[in-house]
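Just need the structure, nothing else, for what follows:
(chains A and B)
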Amino acid sequence: MERSMIKGFIANRVARELKDGDVANLGIGLPTLVPSYLPADVHVTLQSENGIIGTGLVTEENKDPLYVTDAGGKPAMVKTGGSYIDSTVSFGLIRGGHVDVTVLGALEVDQQGNLSNWIIPGKKVPGMGGAMDLVVGAKKVIVAMEHTARGSAKILKQCNLPYTAVKCVDMIVTEMCVMEVTADGLVMTEINPEFTVDDVKAATEADFTVSSELKMMCAPA
Amino acid sequence: MAKIVTVQEAVDLIPEGASIMFGGFMGCGNAHKIIDALAKSGKGGFTMICNDASMPGGPLGEEYYGVAKLIHNKQVRKLITTHVGLNPEVAEQSNAGELELVLIPQGSLAEMIRAGGAGLGGIITPTGVGTIVEDSNHVHCKIEIDGRQYLIEKPIRADVAIISGYQVDRGGNIWYKGTTRNFNMCMATAADLVIVEADHLVECGDIVPENVVTSGVFVDYIVDGGEA
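Presented below is the predicted three-dimensional model:
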């Protein structure tokens, strides 16, 4: 797959996990592409943990950068029908199970569903921000990421980096496949037809089984 | 009753080495005029409690935005925060041993401040269980309730809270605009001395009671930010 196509391919597949009426929180980077791949009849309320329920598309005309920003400090806006909340309510919403889906990237994820995505000790210490609360509180946690990092596996038997949370991941979507975390371990449920099962095995350190109903992933329409 | 003071009088109220809560999220909702004056005051040794350390490059072309000025000037000795990835000076100062960095999950920090302001002995949260957060000084212990594990996190209070309001009446009642309420709301309750910067100072009654978000009873001093 062409490198420039990877992010859109992953975001398109993640978009199919969102249902009409869901409340979702999207991490920075790739996950923010997901809304542009939603079908027209699926309306999702996007939450921004700094205090917006119902974020919309920001434009030069509606932006108000001193007063309305997203969690990355960039200009944002609220849709008609949305609301602003403070940080305690925002995280009450998150921890309290009112967010249906969170989509975020990972440095590492393992076959128990443990996630590491906030620190590389001694190298990069950005902080966890809202990530630990999000993956503990959201009803469904989807990791959306490239399958490997410069050829090294990111889906491991056991994470090496400090955890963001333990046993929190429900689904992993990459440019190669979709894996679900089950009580019996990782199950590959879909594969990109450009790859074989052996290709996925070679790019994955974790043990996984292949679903008897393995489906093919589709490129964006 | 809240008292109206100049920005310089507000800075004079803040002792050297104070623990200070700063409302705001990546600079949005920082009390910019008070922070600018504090940055010029030469005071330091502060413990800063803030969601983040903001970032270089503000929306109006500022070289350092909001609390990032205090980091840049090395006025902060200890930073209690959730995310510093957008301000590289924090890592530089932390690696050089000039700044003590304490990272707390964002939802826990908000609730620990709320607990500090609400007279609670702590919070009980599932966030951080099984992670290195368990080993932090701000965690009292881990407990199990009905088969689920939680951390008991201690409450947080500060000597001073410096917060920002869009409309503030002369009684200290506050209405926030946009996403600026973030940590301003809980911090207004959790410090011995609460100073609010009013973007627009208005008369009592101009904010209808139903729309008052932070009651003036929490506020000690008001700085007229002069946008009225």
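
residue at max distance from the center of chain B?
In chain B, counting by Cα atoms, centre = their mean, B:G147 sits farthest out from the average C-alpha position, at 34.8 Å.

Model confidence score at that residue, please.
With respect to pLDDT, B:G147 has a value of 98.

In a helix, A:F91, correct?
Yes - according to DSSP: H, G, I helix; E, B strand; the rest coil, the state of A:F91 is that of a helix.

for the closest residue in space to it that isn't next to it in sequence, helix, strand, or coil?
Nearest residue to A:F91 in three dimensions, chain neighbours excluded: B:G107, at 3.1 Å (Cβ to Cβ, 6 or more residues apart in numbering or on different chains). In this view, the C-beta of every residue, glycine as well, is placed from N, C-alpha and C. Assigned by three-state DSSP, the conformation of B:G107 is helix.

ok, B:G107 to B:T82 distance?
Applying Cβ to Cβ, to the nearest Å, the value for B:G107 to B:T82 is 9 Å.

neighbour count winner among these two?
Using other Cβ atoms under 10 Å in any protein chain shown as the criterion, B:G107 and B:T82 rank with B:G107 on top: 30 against 27.

any common contacting residues for B:G107 and B:T82?
A:G130 (Cβ atoms under 8 Å, 6 or more residues apart in numbering or on different chains).

so what's the residue farthest from the centre of chain B up against?
Going by Cβ under 8 Å, 6+ apart, B:G147 touches no other residue.

Now it. Its backbone dihedrals?
phi 80, psi 0 (degrees, to the nearest 10).

Distance check, it against B:P126.
B:G147 sits 12 Å away from B:P126, taking Cβ to Cβ as the criterion.

for B:E134, same thing?
Distance, B:E134 to B:P126, by Cβ to Cβ: 12 Å.

Please enumerate the shared neighbours of the two.
Between them, B:E134 and B:P126 share the contacting residues B:L151, judged by Cβ under 8 Å, 6+ apart.

Compare the two (neighbour count), which wins?
Per other Cβ under 10 Å, whichever of B:E134 and B:P126 has more neighbours is B:P126, with 17 against 13.

got a list of what that one touches?
Contacts of B:P126 by Cβ under 8 Å, 6+ apart are A:R95, A:V136, A:G137, B:R148, B:Q149, B:Y150, B:L151.

mind running it again at 6 Å?
Contact partners of B:P126, counting by Cβ atoms under 6 Å, 6 or more residues apart in numbering or on different chains, are A:V136, B:Y150.

Likewise for A:N62?
Contacts for A:N62 (Cβ under 6 Å, 6+ apart) come out as A:M77.

pLDDT value on it, please?
Predicted confidence (pLDDT) for A:N62: 93.

Please apply the same query to A:T55.
96.

distance of the residue nearest to it when sequence neighbours are not counted from A:K19?
With sequence-adjacent residues excluded and distances taken as Cβ to Cβ, 6+ apart, A:T55 is closest to A:L46, at 4.6 Å. To A:K19, A:L46 is 14 Å away according to Cβ to Cβ.

ditto for A:M5
Noted for A:M5: a distance of 26 Å to A:K19, by Cβ to Cβ.

helix or strand for the spatially closest residue to A:K157 that is not a sequence neighbour, which one?
Nearest non-adjacent residue to A:K157, counting by Cβ to Cβ, 6+ apart: A:A206, 5.4 Å away. Using DSSP states H and E, A:A206 sits within no helix or strand.

got the contact list for A:A206?
Residues in contact with A:A206 (Cβ under 6 Å, 6+ apart) are A:Q111, A:I155, A:L156, A:K157, A:L186.
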